[in-house]
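After the sequence you'll find the predicted model.
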Amino acid sequence: MLIEILPLLAGGLVLFIYSIARLSETMENLFSGKAQEVIQRYTSNALLGVVVGTVATILLGSSSAVIILTIVFINARTLNFKQAIGIILGANIGTTFSSQLITLDIGRFSVVPMFIGLAMALFSSTEAWKKKGNGMLYFGMLFFGLFVIESSVAPLRNSQVFLDWIAQLDHPVRGALTGGLVTLLIQSSSATVGLAIVLGKQNLLSLAGGIAVMLGAELGTCSDTLLATIKGSRQAFRAGVFHLAFNFTTIVIGLLLFQPFVSMIEGLFPDAPLNRQIAHAHVTFNVLGVLMALPFTTLADRALTRLIPEKSPHVKG
């Protein structure tokens, strides 16, 4: 059974990850100029920064893209670390939008935007419309990839070996480690959470297991942000460290309060199907984390500025 499932599962996962990357790149090309103008204008305080980070992540389709773009702006001296804090927090909320989209079950209709997008990309006379066509094509490919994954995992319901392994993810630490490792390997927290939602829809993964995997994905997504700070300014490095520290802190709190959080999601969304409960948990966790962090943004700015000071000017003599 595993030999029959793996090619379809791997193909769907590759298609999903590829379309996320290409969609993010396409949307960044369409909006990066406007994004820079908006980010510079509306990040005077942390709350406005959260709004900007949330909207930018929804538009670009990737929290990593928004945070890396922010790091680029910091290195270009068009933003400072204090402004970046709100954007990073907002990006953590914006990334949950994709989880909500995944639960809409539009995979079987994904050929429609794929066909329209391909026609626009091939036959449009202007570059702008070709880019929009590419965006629609990759959007359709994303959900077609999920549809392929969903179809591939359905037979796993009859595999006791798989069911025994997946049941182990109910353990918070084991599930989080698995989610973090998968995210490090495939470099996409959206793909990891999306996979958890798909498994939840097939009743192969419990709510506790889905939440545990989601927690791990939150930490795994910090790797590419930290890589983007290499050879950058000290302010950019502070932004990468803040992103890691924020995610790590909220994950630790989430693990310590794991069972109460699972019970809270079950109480808030008792009639929602399992895949929607996992998606709603993703939103709830990230919103609560941002609300918890907002009062401490000034303290974080001071602490990281002291911990990671500017380089001393090199004096020759």
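Yep, it's here. Just so it is clear, the model here is predicted, and its values are computed rather than measured.

And the helices in the stretch 1-150 of the chain?
Using DSSP state H, counting those that start in this stretch, the helices of the stretch 1-150 of the chain run over 2-41, 46-60, 63-75, 81-94, 96-102, 111-123, 127-153.

for the stretch 201-317 of the chain, same thing?
Under DSSP H, counting those that start in this stretch, the stretch 201-317 of the chain gives helices at 207-220, 222-228, 234-256, 258-268, 274-293, 297-307.

So for Lys82, which of those helices sits nearest?
helix 297-307 (4.9 Å; CB to CB). All C-beta spots, glycine's among them, are computed from the backbone N, C-alpha and C.

Just want the angle from the closest one to helix 234-256.
Orientation of helix 297-307 against helix 234-256 (axes from the mean of the first three to the mean of the last three CA atoms, to 10 degrees) gives an angle of 120 degrees.

Report all helices and strands that helix 297-307 contacts.
If you count contacts as 3 or more CB pairs under 8 Å, 6 or more residues apart in numbering; DSSP states H and E, helix 297-307 packs onto helix 81-94, helix 234-256.

related to what we said a few turns ago, what about the helices of the stretch 1-150 of the chain, which gets the closest to Leu226?
Nearest to Leu226, of all the helices of the stretch 1-150 of the chain, is helix 63-75, at 9.9 Å by CB to CB.

Distance from the chain centre to the closest one, please.
A distance of 14 Å separates the C-alpha centroid of helix 63-75 from that of its chain, computed with CA atoms, centre = their mean, to the nearest Å.

pLDDT (mean, whole number) over that helix?
For helix 63-75, mean pLDDT rounds to 78.

about what we covered before: any idea which of the helices and strands packed on helix 297-307 is most buried?
Across the helices and strands packed on helix 297-307, the average number of neighbours (mean count of other CB atoms under 10 Å) peaks for helix 81-94, which reaches a mean of 26.

what about it, average pLDDT?
Mean predicted lDDT for helix 81-94 stands at 89.

Just the CA trace of it, in CSV.
Taking C-alpha atoms only, helix 81-94 is exported to CSV below (Å, rounded to 0.1, in the frame of the first residue of the first chain):
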residue,chain,number,x,y,z
PHE,A,81,14.1,47.2,14.1
LYS,A,82,11.4,48.8,16.2
GLN,A,83,9.2,49.2,13.1
ALA,A,84,9.9,45.6,12.1
ILE,A,85,8.6,44.1,15.4
GLY,A,86,4.9,44.9,14.6
ILE,A,87,5.3,43.6,11.0
ILE,A,88,6.8,40.3,12.3
LEU,A,89,3.9,39.9,14.7
GLY,A,90,1.3,40.6,12.0
ALA,A,91,3.0,38.1,9.7
ASN,A,92,2.3,35.4,12.2
ILE,A,93,-1.4,36.3,12.1
GLY,A,94,-1.5,36.7,8.3
